[in-house]
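> Just to be clear, the model below is a prediction. Sequence and coordinates:
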Amino acid sequence: MKLREIAEYLGCELVGEGDIEITGVAGIEQAGPTELTFLANPKYAPKVRHTRAAAILVSQPVRDHPIASLVSSNPYLDFARALELFYQPPRPAPGIHPWASIAPSARIGEDAYVGPFAVIGEDVVIGRNARIYPHVVIYQGARIGDDFCAHSHAVVREFCRIGHRVTLGNGVVVGGDGFGFARRSDGSHYKIVQSGITVIEDDVEIQSLCSIDRATVGETRVKRGAKIDSLVQVGHACVVGENCILCAQVGLAGSTVLERNVLLAGQAGAAGHLTIHQGAVVYAQAGVGGDVAAGATVAGSPAFDAAQWRRAVTAFPKLPEMLKTMRELKMRLEELERRIAAGDTQATSQER
């Protein structure tokens, strides 16, 4: 594909030779002489001088290197769009495999694919253009919209609701039981029936091996446009707001509320019964124990202001040396006080 054709498709300004043949896209260090790459973060700009790529997507033309440029207001987004020109995941042809098990009362929209050993329960409703891969299980009474994609071993539990254009990765469980037990007088635990549901709104993607628990009563809800990375747990009665990002191994204890556009980096956790307000950012491995203000950036465990946390982390390795110095000063002070008490006036005047 000619570089000028890619520029036209993306709506980018072309600077340089437009007749270059592009055969694919790759990262800045891996790209070959017929591939397109991108520069989204200015700190990687020195790598441009060493790339073998034929052309680059950038926010400003490259002036000091003989490489064709596609000038974009959002190079990373346009790189993602360019990638679709050269690779599309395989899509199975519509049809229901004879080894799938579909309850007589289930209703599945047109142009659906249902793979072998998939199980769809009674009274399930699924919209148009579904892709349900082998070994997916959808329990009784689930309601699912159009353009649903469930990869192998995903599970949608009873009565849960899923909107349009939702993707579930391998091994995702939507609507598994919340972690609810009542303690008996003898110390044993009585399971609380998890009578609520899980609701997944439109345009949500949940990647591999995530668990989105159902509520004890009421609902757990993941709102429109949220993206959830692999190995995340969302506890019962949580709310994940619109366009939130939850990176790998995030954990939300029950009744955590994330407002819209919150970002939780890898292994961050929330203690539950708290609100992380709109636009907040939680650093990796942070432990949130209380509400987080709108637009705040927090880090550490317990989490607090990220700028203060960075200063604290810088000081942390120096603490043993500082403690040693404090002990030495304390010993010198105690010795001085002893000598003063003994009437050693010469030492007193010197050391003071």
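Yep, that arrived. Numbering: from 1, shown residues only.

> How about residue 69: which residues does it bridge to?
Here residue 69 sits in beta bridges with residue 15, residue 56, as judged by DSSP bridges.

> I'd guessed it sits against residue 56; true?
Yes - using Cβ atoms under 8 Å, residue 69 is in contact with residue 56, at 5.7 Å. All C-beta spots, glycine's among them, are computed from the backbone N, C-alpha and C.

> Next, show the common contact partners of these two.
Here residue 69 and residue 56 share the contacting residues residue 62, scored by Cβ atoms under 8 Å, 6 or more residues apart in numbering.

> pLDDT below threshold where in this protein?
345-352 (pLDDT under 70).

> run the last query once more with 90
Low-confidence segments of the chain (pLDDT under 90): 16, 39-50, 60-66, 88-89, 313, 315-320, 322, 332-352.

> what about the helices in it?
For the chain, the helices defined by DSSP state H cover 3-10, 75-86, 306-315, 319-341, 345-351.

> With residue 109 as the reference, name the closest of these.
Of all the helices of the chain, it is helix 75-86 that lies closest to residue 109, at 24.9 Å by Cβ to Cβ.

> packing partners for the closest one?
Identification of packing neighbours for helix 75-86 by 3 or more Cβ pairs under 8 Å, 6 or more residues apart in numbering; DSSP states H and E yields helix 3-10, strand 24-25, strand 35-38, strand 55-58.

> Just send these back as a markdown table, with distance to residue 112 and mean neighbour count too.
Below are those laid out as a markdown table (distance: least, Cβ to Cβ, whole Å; neighbours: other Cβ atoms under 10 Å):
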| stretch | distance to residue 112 | mean neighbour count |
| --- | --- | --- |
| helix 3-10 | 30 | 18 |
| strand 24-25 | 32 | 18 |
| strand 35-38 | 35 | 25 |
| strand 55-58 | 36 | 26 |
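
> what's the closest of these to residue 207?
Short answer: strand 24-25, nearest of the helices and strands packed on helix 75-86 by Cβ to Cβ, at 21.7 Å.

> I figured residue 241 was touching residue 264, is that so?
No - using Cβ under 8 Å, residue 241 is not in contact with residue 264; the gap is 11.3 Å.

> out of the two, which sits in the busier spot?
residue 264 (28 against 22; other Cβ atoms under 10 Å).

> List the beta-bridge partners for that one.
Going by DSSP bridges, residue 264 forms beta bridges with residue 246, residue 282.

> how close does it get to residue 234?
Going from residue 264 to residue 234 by Cβ to Cβ, to the nearest Å gives 11 Å.

> got any residues that touch both of the two?
Shared contacts of residue 264 and residue 234, counting by Cβ under 8 Å, 6+ apart, come down to residue 246.

> before we move on, the earlier item: residue 149: which of the helices and strands packed on helix 75-86 is closest?
strand 24-25 (23.3 Å).
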